[in-house]
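**Q** Here you go, sequence then predicted model.
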Amino acid sequence: MTPRPGVREHAGIYLRGLMMGACDIIPGVSGGTIALITGIYERLVGAIGSIDPASAKHLVRGDFASFQADLGKIDIPFLVVLLAGIGTAFLAMSGVILSLLTDHAVGTYSFFLGLILASAIILFLEIRSLRAATLAYLAVGTGAGFLLAGLGHLDVGHSLPVLFLTGMVALCAMILPGISGAYMTLVLNQYEFMLAALRALSIPEIVAYIAGGVTGLLIFTKGLKYLLTTHPEAMLAFLTGLMLGSARMLWEKGSLAGDMLTGGWIFFIAGLVIVGAVEYAKRRYTVSGA
């Protein structure tokens, strides 16, 4: 039996969600990049951007007509199916990544380091002109990233408010091509804890993280989109610097487990190659889809 077009379309969206989730859980590869490569990025941003926080007011006031009209503006089937794919990948891969971090820390952190540096280079190459102001944003981003990476040495705990704030930062980063939400979770010293929470299906921690992410998307998505549209070079330079500076933490965490230079160089190169392959696929898709 031939599947109906709607089923076929939803299956394709679900598979894209699986790919996005698999990448989002690995620091260095952005799910937003996968969305761009597979042709759903604009639809994703549009669907998220169409969510109006004022809809909650309509629901509380009992204005169901306005609430229903708000829902009609949102691409709900697309978001539900895509999130189902992302969630499936999260649950399937959390145990694998956690085991790698426990049993093969040097190789895993070296691999992540290769992913991050390659992503930063590719992001930097998107900058059209290297003016003094652009280089200044790069320097500021690098300094901020270096200081931010130091948070990994602070014992801020894993309380629900901390996880909420981490989710706000991570999910905003997750939808930006080139910026990894998982990496921001790692920088904020919550990565391994959240992997364990996913593996154990610890509902309070997962809900706090997701709630923070949803809140961040609703509050910051439009602002991030505005900055990337109106000040693209400054934002790209700052984000590149942020990634370069915060790579400090990957090196330090890996070094605590062993010799990164002799024990991790193969994995480092593998990280470089994978990001290069993803970028090649993105450029090929962009050219063929133009």
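**A** It's in.
**Q** Contact partners for Ile266?
**A** By Cβ atoms under 8 Å, 6 or more residues apart in numbering, the contact set of Ile266 is 107, 110. No exception for glycine: its C-beta is placed from N, CA and C like everyone else's.
**Q** Please, which helix or strand holds it?
**A** Take DSSP states H and E as the rule and Ile266 turns out to sit in helix 265-289.
**Q** what distance separates that helix from the centre of its chain?
**A** Between the centre of helix 265-289 and the centre of its host chain there is 17 Å, according to Cα atoms, centre = their mean, to the nearest Å.
**Q** ditto for stretch 240-249
**A** Its chain's C-alpha centre and that of stretch 240-249 lie 15 Å apart, by Cα atoms, centre = their mean.
**Q** which residues touch that stretch?
**A** 113, 116-117, 119-120, 123-124, 127, 137-150, 152, 179, 183, 186-187.
**Q** Buried among these? Make that a PyMOL selection.
**A** What follows is the PyMOL syntax selecting those of the contacts of stretch 240-249 that are buried according to 16 or more other Cβ atoms under 10 Å:
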select buried, resi 113+116+117+119+120+123+124+127+137+138+140+141+142+145+146+148+149+152+179+183+186+187
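**Q** Mind checking which of the contacts of stretch 240-249 land in helices?
**A** Secondary structure assignment by DSSP state H places 113, 116-117, 119-120, 123-124, 137-149, 183, 186-187 of the contacts of stretch 240-249 in helices.
**Q** Could you check the pLDDT of Pro177?
**A** In the prediction, the pLDDT value recorded for Pro177 is 61.
**Q** Equivalent analysis for Glu205, please.
**A** So, for Glu205, pLDDT stands at 95.
**Q** Then Leu239?
**A** 81.
**Q** In this structure it contacts Ile122, no?
**A** No - with contact defined as Cβ atoms under 8 Å, Leu239 and Ile122 do not form a contacting pair (11.4 Å).
**Q** Which of these two has more residues huddled nearby?
**A** Applying other Cβ atoms under 10 Å to Leu239 and Ile122 shows that Leu239 carries more neighbours, namely 24 against 19.
**Q** Asn189 is in contact with Val156, isn't it?
**A** Yes - in this structure, Asn189 sits in contact with Val156. The criterion is Cβ under 8 Å, and the distance is 6.5 Å.
**Q** tell me which residues in the helix holding Ile266 are buried?
**A** Going through helix 265-289 with 16+ other Cβ under 10 Å, the ones that come out buried are 267-268, 270-272, 274-275, 278-279, 282.
**Q** cool, and stretch 231-241?
**A** Applying a neighbour-count criterion of 16+ other Cβ under 10 Å, the buried positions in stretch 231-241 are 233-241.
**Q** list the contacts for Phe193?
**A** For Phe193, the contact set (Cβ under 8 Å, 6+ apart) comprises 158, 205.
**Q** same thing but 10 Å
**A** When the contact criterion is Cβ atoms under 10 Å, 6 or more residues apart in numbering, the partners of Phe193 are 98, 157-158, 162-163, 166, 185, 202, 205, 209.
**Q** among the residues you listed, which are in strands?
**A** In strands, defined here by DSSP state E, there are no members of the contacts of Phe193.
**Q** His231 is in contact with Gly223, correct?
**A** No - the pair Gly223 and His231 fails to qualify as a contact (Cβ atoms under 10 Å) at a distance of 11.5 Å.
**Q** how about the helices in the stretch 101-250 of the chain?
**A** 105-125, 132-149, 160-174, 181-187, 191-200, 203-230, 232-257 (DSSP state H, counting those that start in this stretch).
**Q** Pick the most deeply packed of these.
**A** Of these, the one with the most neighbours on average (mean count of other Cβ atoms under 10 Å) is helix 181-187, at a mean of 27.
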